[in-house]
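>>> Sequence first, predicted model second:
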Amino acid sequence: MSDAGAYGRPAECPGIPSDCGHASRLLLAVGEGIPSPGRTAALRRELAGCAPCLEAFDMQVNVQNLVALHCREQAPESLRIRISETLQRIDLGNIDVTDL
């Protein structure tokens, strides 16, 4: 554990995330994938002494979550139409629940 500087910030942290070696390492670790909620909480505790570093970390996690949410691969429209048409043609009248 390092000595705390001004505002509870570790002495070696300049308060600028890009210049803070510790924050940079944690941001790189987050860049390797979306951390679990438990891992995110642990990383946030490590950065709690420096508001700018914590803010940069939170922003990185939020961006990754948004990218993961909105960049999911979708089936092409033609495939979705074929599947829908096939499902509409299937006669479910002869299926018994025990067959499932």
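Arrived safely, thanks for sending. Because the structure is a prediction, the values reported are computed rather than measured.

>>> For this structure, give me the ranges with low pLDDT.
Counting by pLDDT under 70, the chain contains low-confidence ranges at 1-12, 14-19, 30-32, 91-100.

>>> now do 80
For the chain, applying pLDDT under 80 flags the ranges 1-35, 68-75, 87-100.

>>> which secondary structure elements does the lengthiest helix in the chain contact?
What stands out as the longest helix in the chain, according to DSSP state H, is helix 51-70. Counting contacts by 3 or more Cβ pairs under 8 Å, 6 or more residues apart in numbering; DSSP states H and E, helix 51-70 is packed against helix 21-31, helix 37-47. Quick note: C-beta positions are derived from backbone N, CA and C, even for glycine.

>>> I'd like to check the angle between the first one and helix 51-70, please.
Counting by axes from the mean of the first three to the mean of the last three Cα atoms, to 10 degrees, helix 21-31 points 10 degrees away from the direction of helix 51-70.

>>> From the contact counts, what lies against helix 21-31?
helix 37-47, helix 51-70.

>>> Now mean neighbour count too, for the ones you listed, in a markdown table please.
Rendered in a markdown table, the data for the helices and strands packed on helix 21-31 read as follows (neighbours: other Cβ atoms under 10 Å):
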| stretch | mean neighbour count |
| --- | --- |
| helix 37-47 | 14 |
| helix 51-70 | 14 |
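
>>> CSV for the ones you listed, including distance to L87?
Shown next, in CSV, are those (distance: least, Cβ to Cβ, whole Å):
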stretch, distance to L87
helix 37-47, 37
helix 51-70, 27
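
>>> Minimum distance to R80: which of the ones you listed has it?
Closest to R80 of these is helix 51-70 (Cβ to Cβ; 18.5 Å).

>>> Past the closest one, which element shows up next along the chain?
Using DSSP states H and E, the helix or strand that follows helix 51-70 in sequence is helix 77-89.
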